[in-house]
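Engineer: this is a predicted model, with the sequence first.
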Amino acid sequence: MSTEEPLAGAIVRDVSDQDATDQHHAPVPTVAHHDVIDESIDNAVFVTEGLSVSYGKSPAVLDVSLRVAEKEITAFIGPSGCGKSTIIRCFNRMNDLIPAARVEGMVRYHGVDLYGSDIDSVQVRKRIGMVFQKPNPFPKSIYDNIAFGPKVLGMSGSMDQIVEEALRRASLWDDVKDRLKDNAFGMSGGQQQRLCIARALATNPDVLLMDEPCSALDPISTGRIEDLMHELKETVSIVIVTHNMQQAARVSDRTAFFIVDMDSADDARIGRLVEYGPTDRIFTNPHDTRTEEYVSGKFG
Amino acid sequence: MTTAAAPEAIDVLGEAPSSHRLRDRSFVLLLAALTSVALIVLAVLLIDTGIDGIPQISISFLTNFPSAFPAKAGIQSAITGTLWLMGVVTFVIVPLGVASALYLEEYADGTRWWNRIIEVNIQNLAAVPSIVYGILGLAYIVRGPLSLGRTVLAGGLTLSLVVLPVVIITGREAIRAVPPSIREGALALGATRWQAIWRQILPASIPGIATGVILSISRAIGETAPLILVGAATFVAFNPTGLDSPFTALPLQIFSWISQPNDQFRLLAAAAIIVLLVILIVLNAVAIRLRNRYQQRW
């Protein structure tokens, strides 16, 4: 007995040491984060399971599992480099455009595997619209900017009507109805971004992905876009990536918080999903200390 | 009440070493002098040509055909020959140049060895002396596989080869100048790659492509060596009637007149040079205007 005691003691000490490290240093999660799936969502537009994206050999974001609810606004927040934009770009397969990007894991859109071998990325993007960080109108008239999507999709019906409806949905019609033939570059930044939203809406998408849509805009334009998002959520599901926590708190129903892990071994930065849940809870009662530190402004 | 006198600049800033100003000025002067060397040479050439040539330019000079008598000689067939050549060149380089530029910019995977070979070769081809293209044209277009003979078509195809690399390179630059956000925006709307290219990227890059095409054509207009090799005639007393006609061109007419012993013909050559210069200046002006008018500020 006496010979085994030190051994047993050693094991016990080992475990307690490990616990201590976990508490004192920023923990590096090694287990799968399946627990952050919000199982209460049964009307999911997107379901990801163990979604990882890497560029070349370096992983950008690891093992993301979450559900995006229909007709809600879901916000992805987190510090730069945490992979939130990378994840949103999996939802409409924009990552396909980067030759070195590799996507692993599962993304289901209404139950369909978006990366299935029989899926055409063009078909995906017809259903899932996207608005980018910097307004990117085409160097054409306001009218032609809106009409491009419906034209390439071969939508039937009066183009004038389609254009008007899209501009009305983006609350831009009254601003531009008298200058539809003017070049879109003559508009203000905020108007250009609403034009890009109108352009995305013209093809009647089911989902609107917004990748930091307000980061290049002033507060007034930002406010108008946030109001617009509230109106739009009646008809489309919205996923917004934002740097701005207040924006996430103002507009979203659910929030997913991502972090960057520094992998000391090869200096790689890896994004991970930390916590996901109703926005109220994430901001008032976060379960993870890292979320709490971030939303209270301690880092990021 | 005492007000302090305004301080002397020298008290506040310290004394400026006088050598600074002097060095600054002499450096500017040196640069201006070096720049003017090129300008002076150009001016002397232009004035000399102008003194010889301008008195010779008349309606009959532009409308007469070449003649053994200087007083009756004109450049009508050279002008029409040049226009025919430029027509052929435009017709060939626009589709070939734009298609190659689109392939290399939009589709070619730069990590593949064959695409890299194509790229490096196009850049090298742009620097190949035009006489080499003349030899190629003689061997493969005038004779050999195509055997088109000494015709407008053969001359035009040879000149197209000379300028095609430049058209491809400027076309690629124009396409690359369209920001990726335009491509992303189109694709995100559910456009296919082809739709994004054809309806957004290509229209946005047309001013740049057109500028490159015009500048290439103005280079082709002045080319003489390849045309001599493919055997354009220097004495053609009729206008080309089709792609299979024999032809002459302005630079060839100039070359042939300058080699004549009779001084009168040299004056005619000066006049023809002025006509050629005017055509070049007009083309370049159009190119610059296109660039300024449609240049997109992203």
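Structural biologist: Looks like it arrived, so ask away.
Engineer: nearest residue to A:Glu292 in space, ignoring adjacent ones along the chain?
Structural biologist: Counting by CB to CB, 6 or more residues apart in numbering or on different chains, A:Glu292 lies nearest to A:Pro286, which is 4.5 Å off, once chain neighbours are set aside. Backbone N, C-alpha and C define where each C-beta goes, glycine included.
Engineer: ok, the one you found - contacts?
Structural biologist: A:257, A:275, A:292, A:295 (CB atoms under 8 Å, 6 or more residues apart in numbering or on different chains).
Engineer: ok, so of these, who is nearest B:Gly144?
Structural biologist: Nearest to B:Gly144 among those: A:Phe257, at 71.0 Å, using CB to CB.
Engineer: and whichever residue of the stretch 1-150 of chain B sits closest to chain A, how many residues sit next to it?
Structural biologist: The nearest approach of the stretch 1-150 of chain B to chain A comes at B:Asp109, 7.2 Å away (CB to the nearest CB). Applying other CB atoms under 10 Å in any protein chain shown, we find 9 residues neighbouring B:Asp109.
Engineer: same deal with B:Val142?
Structural biologist: Applying other CB under 10 Å, we find 21 residues neighbouring B:Val142.
Engineer: just the pLDDT for the nearest residue to B:Arg176 once chain neighbours are set aside.
Structural biologist: Nearest residue to B:Arg176 in three dimensions, chain neighbours excluded: B:Glu105, at 6.0 Å (CB to CB, 6+ apart). Per-residue pLDDT puts B:Glu105 at 92.
Engineer: re earlier: out of the contacts of A:Pro286, which is most surrounded?
Structural biologist: Counting by other CB under 10 Å, top hit in those: A:Phe257 with 30 neighbours.
Engineer: returning to that earlier point: now do the contacts for the residue nearest to B:Arg176.
Structural biologist: B:Glu105 sits next to B:172, B:175-176 when contact means CB under 8 Å, 6+ apart.
Engineer: check whether the residue of the stretch 1-150 of chain B closest to chain A sits in a helix, strand or coil.
Structural biologist: Following DSSP: H, G, I helix; E, B strand; the rest coil, the label given to B:Asp109 is coil.
Engineer: so A:Phe148 sits against A:Pro137, correct?
Structural biologist: No: using CB atoms under 8 Å, A:Phe148 makes no contact with A:Pro137, being 10.2 Å away.
Engineer: doesn't A:Ala60 lie inside a helix?
Structural biologist: No: under three-state DSSP, A:Ala60 sits outside any helix and is assigned strand.
Engineer: and the helices in the stretch 151-298 of chain B, which stretches?
Structural biologist: Remark: helices assigned in the stretch 151-298 of chain B by DSSP state H, counting those that start in this stretch are B:152-176, B:180-188, B:193-196, B:202-222, B:225-229, B:250-258, B:263-294.
Engineer: from A:Asn183, how far off is the residue of the stretch 201-300 of chain A found nearest chain B?
Structural biologist: Going by CB to the nearest CB, chain B is nearest to A:Thr203 of the stretch 201-300 of chain A, at 6.2 Å. Distance, A:Thr203 to A:Asn183, using CB to CB, to the nearest Å: 22 Å.
Engineer: next to chain B, which bits of the stretch 51-200 of chain A? Give me the list.
Structural biologist: Within reach of chain B by CB under 8 Å from any CB of the partner chain, the stretch 51-200 of chain A has these residues: A:92, A:94, A:97, A:99, A:122-123, A:125-127, A:129-130, A:132, A:134, A:136-140, A:148-149, A:151-153, A:185, A:196, A:199-200.
Engineer: and the stretch 151-298 of chain B, which residues reach chain A?
Structural biologist: Counting by CB under 8 Å from any CB, the stretch 151-298 of chain B sits next to chain A at B:179, B:181-192, B:195, B:199-200, B:203-204, B:296-297.
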